[in-house]
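Asks: got a sequence here, can you model it:
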Amino acid sequence: MDQDIIVIGGGAAGEAAGFAAAAVGAPAVLVERDLVGGSCPFWACMPSKTLLNSAARRACDPAYEWSRASARRDWMISREEIDYPDDSGHVRRMEAAGTRVLRGEARIVGPGTVEVLTDSGMESLSASNVIVAAGSQPFVPPILGIDDVSYWTSREATSTRELPSSIVILGGGVVGVEMAQVFVRFGVRVTLVEGGERILSRDHPLTSKAVSDQLGEEGLILRTGVTAQRVRAGGAGRIVELSDRSTVEGAELLVAVGRRPADLRALGVQEAGATLDERGAPAPDDQLRIADGLFVAGDAAGGLQFTHVADYEGGLTARVAAGRGVRADLSAVPKVTFTDPEAAAVGLTVQEAQQQGIDAFEISRDFASTGKGQTIEGARGHLTAVVDRERKRLVGAFAACPGAGELIHEAVLAMKLDAPLSALADTIHAFPTAARVMGGIYQEAAQQLA
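Replies: Just a heads-up that it's a prediction; the model follows:
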């Protein structure tokens with residue numbers, strides 16, 4: 001046994017596990033079949049946020065061309081003048097830290113035993129602990145005709161070097177709205193189809209409205225409350241028939257309706273003693289253990305699909321495997337959508353809190369009318385806090401405004417530490433900032449509780 005830990009999957013969770021294992025002195029091997037680093041640096045977070053920054057520049061300067069945005073994105077994902085990203089930097093850093101990287105397809109064949117099919121043949125590994133961090137894949141719904149036409153997932157959308165003349169986007173979640181803003185700001189005719197009544201349906205309704213209004217002002221064609229029933233070639237390239245019997249069309253079709261975790265059954269976790277439900281999903285404990293010496297982390301764990309959660313869980317599982325007595329605390333996880341306006345959230349909406357039996361109330365401020373908002377031409381958005389009346393604690397915070405992704409972390413920390421609202425209300429916030437607006441909301445809530 002040459003290692004204490006085997007990590008299957010080299011995305012955000014796997015990388016974090018590999019680095020954490022090295023940091024605590026646990027010999028480890030990381031098995032990855034594709035790119036070490038996973039989706040975030042090559043196909044998701046980093047390229048999309050780079051393109052959003054370029055799109056923001058384009059909104060201010062029409063001379064900012066797609067060729068410049070594409071080249072900058074290619075630099076970001078280590079794909080300059082080559083067809084596929086180069087992950088050698090990730091590999092070098094991992095191996096320099098002390099964790100071996102093995103290229104290949106892994107499958108668990110027994111407790112602590114993993115077989116890896118490499119270009120050189122089959123290699124058998126054994127270790128005291130195995131961490132499954134196999135990630136997730138874009139979900140493509142069973143729409144009639146979808147297999148008969150070419151379509152994009154997030155990978156093609158964030159890596160394209162050529163702008164389509166038009167595009168239909170299925171899904172109004174984070175990927176859909178972020179890429180919609182990128183494309184619409186570069187002059188693409190964008191139609192977004194969302195089956196629910198609003199985009200960003202898991203966020204605060206005021207956030208959905210702010211982002212929707214901004215995108216509509218920029219030229220997005222938004223269709224809500226309808227779903228795709230059939231896809232066929234024709235028109236501009238792809239014709240999508242909707243549930244209300246209307247059609248939309250685009251030169252390209254982006255399917256952005258969510259992601260599905262890797263199939264743990266195919267990875268053989270049951271061979272190592274894991275029990276899965278009828279959908280193949282695990283039920284990890286508070287140390288992300290699913291059997292003796294077997295852990296899951298990141299998207300494979302079946303929880304929140306955020307890079308920061310994957311990073312947290314990967315590091316935690318490696319420390320647990322190395323004998324540290326740490327436990328996962330996912331009670332206050334922030335999420336951010338990097339549109340203009342930026343949207344951030346943590347915790348429960350007032351409706352969600354009340355459904356859980358919490359005597360909750362919320363206070364909101366229109367961002368445009370605040371001191372910070374008045375300094376920004378065309379400002380729109382909101383800031384909202386949700387408070388547990390009985391416990392006098394913050395249970396949710398939401399913002400749609402410039403810098404929302406930064407200011408939300410005060411609320412994250414307050415919820416993690418279970419800080420009394422009075423402490424937030426007594427905190428001095430610089431003027432004029434959005435954080436000060438949130439501070440004013442805390443003060444008003446504290447007065448209501450007095």
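Asks: any idea how far the spatially most central residue of the chain is from residue 45?
Replies: In the chain, the C-alpha nearest the mean C-alpha coordinate belongs to residue 306, at 3.7 Å (CA atoms, centre = their mean). Distance from residue 306 to residue 45, counting by CB to CB, to the nearest Å: 9 Å. (Each C-beta comes from the backbone N, C-alpha and C, glycine too.)
Asks: residues in contact with whatever helix or strand residue 19 lives in?
Replies: For residue 19, the element it lies in under DSSP states H and E is helix 12-23. Helix 12-23 is contacted by residues 4-5, 7-8, 10, 27-28, 30, 32, 36-38, 40, 90, 94, 97-99, 101, 131, 133, 135, 297-300, 307, 310-319, 321-322 when judged by CB atoms under 8 Å, 6 or more residues apart in numbering.
Asks: swap in stretch 31-48?
Replies: Applying CB under 8 Å, 6+ apart, the set of residues contacting stretch 31-48 from outside is 6-12, 14-15, 30, 73, 76-79, 85, 87, 90-91, 94, 101-106, 114, 116, 125, 135, 154-155, 158-159, 175, 178-179, 182, 307, 338.
Asks: mind listing what's buried along that stretch?
Replies: Buried residues in stretch 31-48, counted by 16 or more other CB atoms under 10 Å: 31-48.
Asks: again, but for stretch 316-329
Replies: Neighbour-count burial for stretch 316-329 flags 316-322, 328 (criterion: 16+ other CB under 10 Å).
Asks: before we move on, what about stretch 370-384?
Replies: 370, 372-373, 379-384.
Asks: for stretch 216-235, same thing?
Replies: So, applying 16+ other CB under 10 Å, buried residues of stretch 216-235: 220-224, 226-228, 231-232.
Asks: roughly how far is it from the heart of the chain?
Replies: For stretch 216-235, the separation from the chain centroid amounts to 23 Å (computed by CA atoms, centre = their mean, to the nearest Å).
Asks: likewise for stretch 336-353?
Replies: From the chain centre to the centre of stretch 336-353 is a distance of 13 Å (CA atoms, centre = their mean).
Asks: so how far is the first residue of it from its last?
Replies: This stretch, stretch 336-353, spans 20 Å end to end (CA to CA, to the nearest Å).
Asks: enumerate every residue touching residue 131.
Replies: With contacts defined as CB under 8 Å, 6+ apart, residue 131 is in contact with 5-8, 13-14, 17, 295-297, 314, 317-318, 321.
Asks: recalculate using a threshold of 10 Å.
Replies: 5-9, 13-14, 16-18, 20-21, 28, 30, 288, 293-298, 300, 313-314, 317-318, 320-321 (CB atoms under 10 Å, 6 or more residues apart in numbering).
Asks: in this protein, which ranges drop under the pLDDT threshold?
Replies: By pLDDT under 70, the low-scoring segments of the chain are 1.
Asks: domain assignment for it?
Replies: For the chain, automatic domain parsing gives the domain ranges 5-38+87-138+260-321, 146-257, 335-449.
Asks: what are the buried residues along stretch 427-444?
Replies: For stretch 427-444, the neighbour count (16+ other CB under 10 Å) marks 427, 429, 433-443 as buried.
Asks: can you tell me which of those residues are in helices?
Replies: Cross-referencing the buried residues of stretch 427-444 against helices under DSSP state H gives 434-443.
Asks: so which of these is the closest to residue 210?
Replies: Nearest to residue 210 among those, counting by CB to CB, is residue 434 at 13.0 Å.
Asks: pretty sure the closest one contacts residue 367?
Replies: Yes - Residue 434 sits in contact with residue 367 when judged by CB atoms under 10 Å, with a separation of 7.1 Å.
Asks: just the ones in helices from the contacts of residue 131, please.
Replies: Those of the contacts of residue 131 lying in helices (DSSP H): 13-14, 16-18, 20-21, 313-314, 317-318, 320-321.
Asks: now, among the buried residues of stretch 370-384, which is nearest to residue 403?
Replies: Nearest member of those to residue 403, counting by CB to CB, is residue 372, at 8.8 Å.
Asks: which elements pack onto the helix or strand where the closest one lies?
Replies: Assigned by DSSP H and E, residue 372 falls within helix 371-374. For helix 371-374, the elements it packs on are strand 382-388, helix 434-449, judged by 3 or more CB pairs under 10 Å, 6 or more residues apart in numbering; DSSP states H and E.
Asks: chain neighbours aside, what residue packs nearest to residue 98?
Replies: Excluding the flanking residues, the one nearest residue 98 by CB to CB, 6 or more residues apart in numbering is residue 22, at 3.8 Å.
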